[in-house]
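>>> Quick one, what's the 3D model for this:
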Amino acid sequence: MNLQKKDFIEIEFTGRIKDGEVFDSNIKEDLAKLNPNANSKSLIFCLGENMFLKGIEDFLIDKKIGKYKIELSPEKAFGIRDSKLVQMIPIKIFKQQKVNPVPGVIFNFDGKIAKILTLSGGRVMVDFNNPLAGKTVVYDVKVLRKIEDLNEKAKALIEFFTRKEFKFEIKDTPKGTSKKIIVYADKQFVQFLNLFKDKFKEILELELEVKEVVEKEKK
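Residues are numbered from 1 along each chain as shown. Okay, the predicted model is just below:
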């Protein structure tokens with residue numbers, strides 16, 4: 001049966017600039033080119049929910065489990081370069097943040113990834129385009145399996161939203177007409193997790209309840 005939107009799948013992948021270097025991967029040999037100390041791990045995500053690159057998700061919908069080589073134009077990958085995103089910023093802004101502006105360095109500027117291009121007097125030219133904007137990319141993707149287990153889907157969704165693992169359980173609601181997921185989290189994460197109630201309902205048809213873990217329960 002072909003893959004459909006909202007199917008959870010597990011994949012291995014490597015992304016390359018066309019005729020160029022690897023820029024992303026979860027395969028051990030390719031990942032080592034980016035970070036020798038990184039641990040490789042297959043990726044589980046829900047198709048059609050923007051949990052991976054949209055161009056890849058769109059391609060995989062209606063495909064079968066297997067291997068694919070997917071070439072994406074800039075429009076379907078990381079976008080076209082926008083000259084308006086290359087800006088001159090006073091060097092004093094960097095000094096206030098205790099950042100030394102060195103050409104070629106990529107840094108986080110108020111939540112936006114930016115690359116320093118040049119320094120001229122008291123100004124710094126900064127490029128806020130995605131580093132891969134304007135580039136054609138090629139992904140080698142191996143779809144390992146379709147996920148059927150609800151607990152495995154829930155675990156993947158929690159990790160996607162929070163980048164952390166939390167203890168949870170799935171139960172029937174009191175009326176027995178639906179299911180709910182109870183996530184146990186430290187106090188500082190309770191409010192954050194509650195932001196995703198609509199997503200759990202939309203993607204997994206689960207009512208989300210977040211319970212604070214008190215110190216006694218931890219012990």
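
>>> And the helix or strand harbouring Leu31, what's buried?
Here Leu31, judged by DSSP states H and E, is contained in helix 28-34. The neighbour-count check on helix 28-34 (16 or more other CB atoms under 10 Å) flags 30-31 as buried. All C-beta spots, glycine's among them, are computed from the backbone N, C-alpha and C.

>>> how about the strands of this protein, start to end?
Secondary structure of the chain (DSSP state E): strands at 8-17, 22-25, 43-46, 67-72, 86-90, 106-109, 112-120, 123-127, 137-147, 167-172, 179-185, 206-212.

>>> picking that back up, what packs against the helix holding Leu31?
The contact analysis (3 or more CB pairs under 8 Å, 6 or more residues apart in numbering; DSSP states H and E) places helix 28-34 against strand 22-25.

>>> For the strand it packs on, buried residues please.
Buried-residue list, strand 22-25, by 16+ other CB under 10 Å: 22-23, 25.

>>> now what about that strand, what contacts it?
Applying CB atoms under 8 Å, 6 or more residues apart in numbering, the set of residues contacting strand 22-25 from outside is 13-17, 30-31, 33-34, 40, 132, 137.

>>> you'd agree Ile158 is up against Phe166?
Yes. Ile158 is within contact range of Phe166, at 5.7 Å (criterion: CB atoms under 8 Å).

>>> Neighbour count: the two, which is higher?
More neighbours surround Ile158 than the other of Ile158 and Phe166, with 22 against 16 (other CB atoms under 10 Å).

>>> Got the confidence number for the more buried one?
pLDDT, Ile158: 97.

>>> now Lys112
As predicted, Lys112 sits at a pLDDT of 82.

>>> That one - nearest residue in space that isn't next to it in sequence?
For Lys112, ignoring the flanking residues on the chain, the nearest one in space by CB to CB, 6 or more residues apart in numbering is Phe128 at 5.6 Å.

>>> Name all residues that make contact with that neighbour.
Shown in contact with Phe128 (CB under 8 Å, 6+ apart): 85-87, 109, 112-114.

>>> Hey, what's the angle from the longest helix belonging to the chain to strand 206-212? Just curious.
Criterion DSSP state H: the longest helix present in the chain is helix 150-162. Taking axes from the mean of the first three to the mean of the last three CA atoms, to 10 degrees, one finds that helix 150-162 is oriented at 60 degrees with respect to strand 206-212.

>>> Right, I'll call it a day here.
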